[in-house]
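Peer 1: Here is a sequence with its predicted model. Questions after.
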Amino acid sequence: MRRHLVAGNWKMNGQVADGVARVEELAGLAAAQPAACDVLICPPATLIVPLRGYVSAGAMALGGQDCHHDDSGAFTGDIAAPMLADIGCSHVIVGHSERRRDHGESNERVAAKAAAAHRAGLQAIICVGETKTERDAGDAIRVVTRQVRESVPDGAGAANTVIAYEPVWAIGTGDTAMPADVEAMHNTIRTELAEMISEESERLRLLYGGSVKPDNAVELLAIEDVDGALVGGASLKPADFWAIVRACPGV
Ligand code: 13P
């Protein structure tokens, strides 16, 4: 019912030549071993236009890593959602924990960014996830439930929204959440979404992120209610990223 989505978040890495080489290698892998899921690349904003021509048509989509909550204006250094749509993006990540931490983004601000993405015709990938302190305090479910309630804007549905559960302590650390904990959290998120957006919630995709690698992808992607992955470090290595794509059920 829900087609898996594997998204690579390249974060702040790479210059044009690196990006082109990586995408050319991915295109080769995609041709030899087709994906049974949707594949998305979210490179740094500077690489989106240079990579457009290399992303094999239909095989992969391009997305931004953040957008502003307004459509235009005096916001030095920011990028608006319509600008991402204009250069060929179909998705944008909003509310990544690195932005919540480094740029003080609140749930309300994340909801406004997701709403801006929707206005521009983009799918918003809304990130949520608890810190280690919150998990150790037994607060993970409460924190993430609140993030979902407050970060998902009115008008969200399966066609314009993806939720990525990324426990902060699992990002870039090599630690992944226990499959049982991922399953419990994804269940909780879907239950919350059912109250917020009713029947659409069954079709909305929930991704897991946090140290997803080829050696744990099969187990994570087989979990009920895990509809794909948001991949950081491993997405910079084409062979590893494609192994994760191929770990989706159905290949
Ligand atoms: P890692 O896969 O490097 O842990 O990063 C996850 C992430 O933050 C993706 O958005």
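Peer 2: Everything's here; your move.
Peer 1: In terms of pLDDT, where does residue 59 sit?
Peer 2: Here, the pLDDT recorded for residue 59 equals 82.
Peer 1: ok, the closest residue to it other than its chain neighbours - contacts?
Peer 2: Once flanking residues are discounted, residue 59 sits nearest to residue 30: 4.6 Å by CB to CB, 6 or more residues apart in numbering. In short, each C-beta sits where N, CA and C put it, glycine included. Applying CB atoms under 8 Å, 6 or more residues apart in numbering to residue 30 gives the contacts 39, 56, 59-60, 242.
Peer 1: Whichever residue of the chain sits closest to the ligand - nearest residue in space that isn't next to it in sequence?
Peer 2: Taking CB to the nearest ligand atom, the ligand has its nearest neighbour within the chain at residue 232, 2.2 Å off. In space, residue 232 comes closest to residue 9 once its chain neighbours are excluded; the distance is 5.3 Å by CB to CB, 6+ apart.
Peer 1: rewinding a little: please identify the helix or strand for the residue nearest to residue 59.
Peer 2: Under the criterion of DSSP states H and E, residue 30 resides in helix 16-32.
Peer 1: Please point out which parts of that helix sit buried.
Peer 2: For helix 16-32, a neighbour-count test (16 or more other CB atoms under 10 Å) marks 19-20, 22-23, 26-27, 29-30 as buried.
Peer 1: In JSON lines, list those along with pLDDT and distance to residue 128.
Peer 2: Listed next are the buried residues of helix 16-32 as JSON lines, based on pLDDT from 0 to 100; distance: CB to CB, whole Å:
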{"residue": "19", "pLDDT": "97", "distance to residue 128": "28"}
{"residue": "20", "pLDDT": "95", "distance to residue 128": "33"}
{"residue": "22", "pLDDT": "96", "distance to residue 128": "28"}
{"residue": "23", "pLDDT": "95", "distance to residue 128": "29"}
{"residue": "26", "pLDDT": "95", "distance to residue 128": "28"}
{"residue": "27", "pLDDT": "92", "distance to residue 128": "32"}
{"residue": "29", "pLDDT": "94", "distance to residue 128": "30"}
{"residue": "30", "pLDDT": "93", "distance to residue 128": "29"}
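Peer 1: and the ligand, which of those reach it?
Peer 2: With the criterion set as CB under 6 Å from any ligand atom, no member of the buried residues of helix 16-32 is near the ligand.
Peer 1: Going along the chain, name the strands of the stretch 101-250 of the chain.
Peer 2: Secondary structure of the stretch 101-250 of the chain (DSSP state E, counting those that start in this stretch): strands at 123-128, 161-165, 205-209, 228-231.
Peer 1: Reformat those strands as TSV; add mean neighbour count and mean pLDDT.
Peer 2: Formatted as TSV, the strands of the stretch 101-250 of the chain follow (neighbours: other CB atoms under 10 Å; pLDDT from 0 to 100):
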stretch	mean neighbour count	mean pLDDT
strand 123-128	27	98
strand 161-165	25	98
strand 205-209	25	98
strand 228-231	28	98
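Peer 1: Dump those strands into JSON lines; add distance to residue 195 as well.
Peer 2: Shown next, in JSON lines, are those (distance: least, CB to CB, whole Å):
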{"stretch": "strand 123-128", "distance to residue 195": "16"}
{"stretch": "strand 161-165", "distance to residue 195": "14"}
{"stretch": "strand 205-209", "distance to residue 195": "15"}
{"stretch": "strand 228-231", "distance to residue 195": "23"}
